[in-house]
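Participant: Here is my input, please return the structure:
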Amino acid sequence: MANTQRDPQLTTDLGTVLVTGGSGFVGCNFVKTLLDKGYTVKSFDLAPSPLPAQEKLQAIQGNICDYDTVLKACEGVDTIFHTAALIDLNGGSAVTEEYRQRSYAVNVGGTENMLKAARAQGAKRFVYTASNSVVIGGKPISGGDESLPYTTRFNDLYTETKVKAEQMVLSQNGEGGLLTCSIRPSGIWGTGDQTMFKRLFTEVIAGRVKAIIGSKHVKLDNSYVHNLIHGQILAAQHLVAGGTAPGQAYFINDNDPVNMFEFSRPVLEACGVKYPRIRVPGGFVKFVMVIWERLHFSLGFPPPPLPPLAVERISLDNYFSIEKARRDLGYEPLFTTEQAMERCLPYYRKMFHDMVMESKAEPAQATG
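Facilitator: Numbers count the residues shown, from 1 in each chain. Prediction:
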């Protein structure tokens, strides 16, 4: 719903900031950005921080599932950016009870711990990192907005737990003086990314990328990591009584819907990969992957090169409007796709080169 009775001019300083998942791709970029802006930052993650020790950074290593550790991490904090999550894309028969318990413990239970500890320690602002998948249900979405209902078609544990966690975060807005909101990024990319292009590089190196899937007119949107961080900071600044952000969800993306294969083209070409010219219908590929996946689970066949859900997502329009974030938060992407790509190409070229070298070394290691 629109915040027609709230004032977008009302903002606040962030104070001392805590970033969960501070050692990960988004979190580490987030911590560096906040430090560059002069904030005092706590980075909380199960893994050690890759950043050098510095005066305004406190790195806390611990498990988000342990409430006592979370409580200590929240001490003296004014604003919390909760980016930590387990990205478990298992779905259907691949979802074992072990996978389900683990995903719920981290993504839902960990978020509950954060909210409880934030209130106990007197934090004022809580920005949750959700996903645009919380409203994706297998139908085309073109310029979708925040009025779309939550999906009830959970194709993977990540989406299922993100829906549960976001609902919890927004429903607890204002409790104990803690104001909350949620940010819904699209596919996140940029320097430090280990997801967006890594699977594609793996398939290219294995020689399995022979064709383009789906119509060239199908578009998705993406979230360059620094555009996402910019949107999250704006949201936190608007988490103030009478402001626009409390209790709200926002799509934050690059505002540049693009065909996913055209988006990846400059990266592959910069890596010296010849881009495929053959195009095959997305529906046909999805059908094949569904059968392949069933054979994988029932007869032990190798897993399909592409999960059916991944095929579905690149075969249907799936992009969202930033109009609400623009109106409520004053959000505009800091970087165009072209500008961000220019910044990131050296990183992706190095990633591809390193993966090629690693693939060549594997046979020698196996026979040594």
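Participant: got a list of contacts for the lengthiest strand in the chain?
Facilitator: Longest strand in the chain by number of residues, with DSSP state E as the criterion: strand 179-185. In this structure, residues lying in contact with strand 179-185 by CB atoms under 8 Å, 6 or more residues apart in numbering are 115, 124-132, 134-135, 166, 169-170, 172-174, 223, 228, 231-232, 235, 238-241, 245-253, 320. C-betas here are computed from N, CA, C, even on glycine.
Participant: So what touches the helix or strand just after that strand?
Facilitator: The C-terminal neighbour of strand 179-185 among helices and strands, as given by DSSP states H and E, is strand 187-189. Identification of contacts with strand 187-189 by CB under 8 Å, 6+ apart yields 25-26, 195-197, 220-225, 228, 340, 344.
Participant: circling back to that earlier point, can you tell me the strand partners of the longest strand of the chain and which way each runs?
Facilitator: Note on strand 179-185: by DSSP bridges, its sheet partners are strand 125-129 (parallel), strand 249-252 (parallel).
Participant: any chance of those strands in a markdown table, with mean neighbour count, distance to residue 212 and mean pLDDT too?
Facilitator: Below are the strands paired with strand 179-185 laid out as a markdown table (neighbours: other CB atoms under 10 Å; distance: least, CB to CB, whole Å; pLDDT from 0 to 100):
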| stretch | mean neighbour count | distance to residue 212 | mean pLDDT |
| --- | --- | --- | --- |
| strand 125-129 | 27 | 31 | 98 |
| strand 249-252 | 26 | 27 | 98 |
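Participant: Just the buried ones from the contacts of strand 179-185?
Facilitator: Buried residues within these, counting neighbours by 16 or more other CB atoms under 10 Å: 115, 124-132, 134-135, 166, 169-170, 172-173, 223, 228, 231-232, 235, 238-240, 245-253, 320.
Participant: Could I get the full set of strands for the stretch 251-368 of the chain?
Facilitator: Using DSSP state E, counting those that start in this stretch, the strands found in the stretch 251-368 of the chain span residues 279-280, 318-320.
Participant: Could you export those as CSV, including distance to residue 201?
Facilitator: Converted to CSV, the strands of the stretch 251-368 of the chain look like this (distance: least, CB to CB, whole Å):
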stretch, distance to residue 201
strand 279-280, 21
strand 318-320, 22
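Participant: want to throw these into a markdown table with mean pLDDT and distance to residue 53?
Facilitator: Output for the strands of the stretch 251-368 of the chain, formatted as a markdown table (pLDDT from 0 to 100; distance: least, CB to CB, whole Å):
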| stretch | mean pLDDT | distance to residue 53 |
| --- | --- | --- |
| strand 279-280 | 84 | 51 |
| strand 318-320 | 95 | 39 |
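Participant: most packed of those strands?
Facilitator: strand 318-320 (a mean of 25; mean count of other CB atoms under 10 Å).
Participant: Distance from the chain centre to that strand, please.
Facilitator: 15 Å (CA atoms, centre = their mean, to the nearest Å).
Participant: which helices and strands sit right next to it?
Facilitator: Helices and strands touching strand 318-320, by 3 or more CB pairs under 8 Å, 6 or more residues apart in numbering; DSSP states H and E, are strand 141-144.
Participant: Neighbouring strands - and their directions - for the strand it packs on?
Facilitator: Short version: by DSSP bridges, strand 141-144 pairs with strand 318-320 (parallel).
Participant: rewinding a little: out of the contacts of strand 187-189, which are buried?
Facilitator: 25-26, 196-197, 220-225, 228, 340, 344.
Participant: related to what we said a few turns ago, for the strands of the stretch 251-368 of the chain, which one sits closest to residue 10?
Facilitator: Nearest to residue 10 among the strands of the stretch 251-368 of the chain is strand 318-320; the distance by CB to CB comes to 25.4 Å.
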